[in-house]
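Asks: would you be able to build a 3D model of this:
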Amino acid sequence: MKKLFLSAFVACSLFAFAESPAHVSSDSWIGARASTQFAVTHGSAANAHASDAVVSDLRNGKIPAKPVLITSASDPTRVEIGGSIPPNPESLLDKMTGKWVMTGTIAKQQVTHDVDVDWILNRRYIRIHEVSREKNADGGLIYEAWIHIAWDPKNGEYVVMWLDNTGTTNFAAEGVGHGKPNGDRIPFVWKSAGGGGIHNTFAYDRNKDKWSWAIDNIDSAEKAASFARVTLERKKN
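Replies: Got it, this is the predicted structure:
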């Protein structure tokens, strides 16, 4: 039996989900962006820091203390270990609160929206009120949305319900977006019953205290088409 070795490396990229072992819930295997990640690989040792207990847990189908990403279902000894779920997931939602000005393109049109964000219902939900400055021919709002986001600890993900003036929802399950935490990014996904759906990635820039939303429409062949690219900056007093 080959000896397992641990090598450490610094990673700045985002790690996508990979197929998890059949005996472990896929929701438990979470990739992450982290300042330092570890990979368990066959090879020579370099700055080994992970314990043999982690590798033992993986072999026995147990979930280690830190979230991991299986990079190859055929080689469960190759993993990346990192802190994908922050100690306080709601802390990222705190960064959303306040008054913002949204600018960018939606459906190839330049837009400016006002966005107000606060906690509601005993800090169980983040409430986002988005209102367009652009008016329609009758003087009404071209766009208005009420968006509610919460942290779901059971499934280790953020959930979002997006209500706007473009249509009426029947509150079907597919109308709820789900986003696994990924550093300072929340990649929300809505899946349509017939295939395809919508991806909307919320990304926070801590250095500039700004948010960006990147919205793509996904067709039944899983091909993405850009729909919106907007940036949220705090309103100046």
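
Asks: how about the strands in this protein?
Replies: Ranges of strands in the chain, per DSSP state E, are 5-9, 37-41, 68-70, 79-81, 98-106, 109-120, 125-132, 144-152, 157-164, 176-179, 185-191, 197-205, 210-218, 224-234.

Asks: for residue 95, give me its contacts.
Replies: 204, 206, 209, 211 (C-beta atoms under 8 Å, 6 or more residues apart in numbering). Heads up, the C-betas are built off the backbone N, CA and C, glycines and all.

Asks: what number of residues are in the vicinity of the first one?
Replies: In this case it means residue 204. 18 (other C-beta atoms under 10 Å).

Asks: ok, so what distance separates it from residue 139?
Replies: Going from residue 204 to residue 139 by C-beta to C-beta, to the nearest Å gives 35 Å.

Asks: cool, and the third one?
Replies: Taking C-beta to C-beta as the measure, residue 209 falls 34 Å from residue 139.

Asks: more crowded one of the two?
Replies: residue 209 (12 against 6).

Asks: in this structure the more buried one contacts residue 234, no?
Replies: Yes: here residue 209 reaches residue 234: they are 6.5 Å apart, a contact under C-beta atoms under 8 Å.

Asks: common neighbours of these two, please.
Replies: Residues touching both residue 209 and residue 234 (C-beta under 8 Å, 6+ apart): there are none.

Asks: coming back round to it: any chance of CSV for the strands of the chain, columns distance to residue 92 and mean pLDDT?
Replies: Putting those into CSV (distance: least, C-beta to C-beta, whole Å; pLDDT from 0 to 100) gives the following:
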stretch, distance to residue 92, mean pLDDT
strand 5-9, 25, 32
strand 37-41, 20, 35
strand 68-70, 20, 43
strand 79-81, 21, 40
strand 98-106, 14, 98
strand 109-120, 12, 97
strand 125-132, 10, 98
strand 144-152, 9, 98
strand 157-164, 8, 98
strand 176-179, 11, 97
strand 185-191, 7, 97
strand 197-205, 7, 98
strand 210-218, 10, 98
strand 224-234, 14, 97
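
Asks: adding distance to residue 91, write these out as TSV.
Replies: Shown next, in TSV, are the strands of the chain (distance: least, C-beta to C-beta, whole Å):
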stretch	distance to residue 91
strand 5-9	26
strand 37-41	21
strand 68-70	22
strand 79-81	22
strand 98-106	15
strand 109-120	12
strand 125-132	12
strand 144-152	10
strand 157-164	12
strand 176-179	15
strand 185-191	13
strand 197-205	11
strand 210-218	15
strand 224-234	18
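
Asks: span of stretch 179-187 from start to end?
Replies: Length of stretch 179-187, first residue to last, C-alpha to C-alpha, to the nearest Å: 5 Å.

Asks: next, the buried residues of stretch 170-182.
Replies: 177-182 (16 or more other C-beta atoms under 10 Å).

Asks: ends of it, how far apart?
Replies: Stretch 170-182 end-to-end distance (C-alpha to C-alpha) = 30 Å.

Asks: again, but for stretch 168-180
Replies: Termini of stretch 168-180 sit 26 Å apart (C-alpha to C-alpha).
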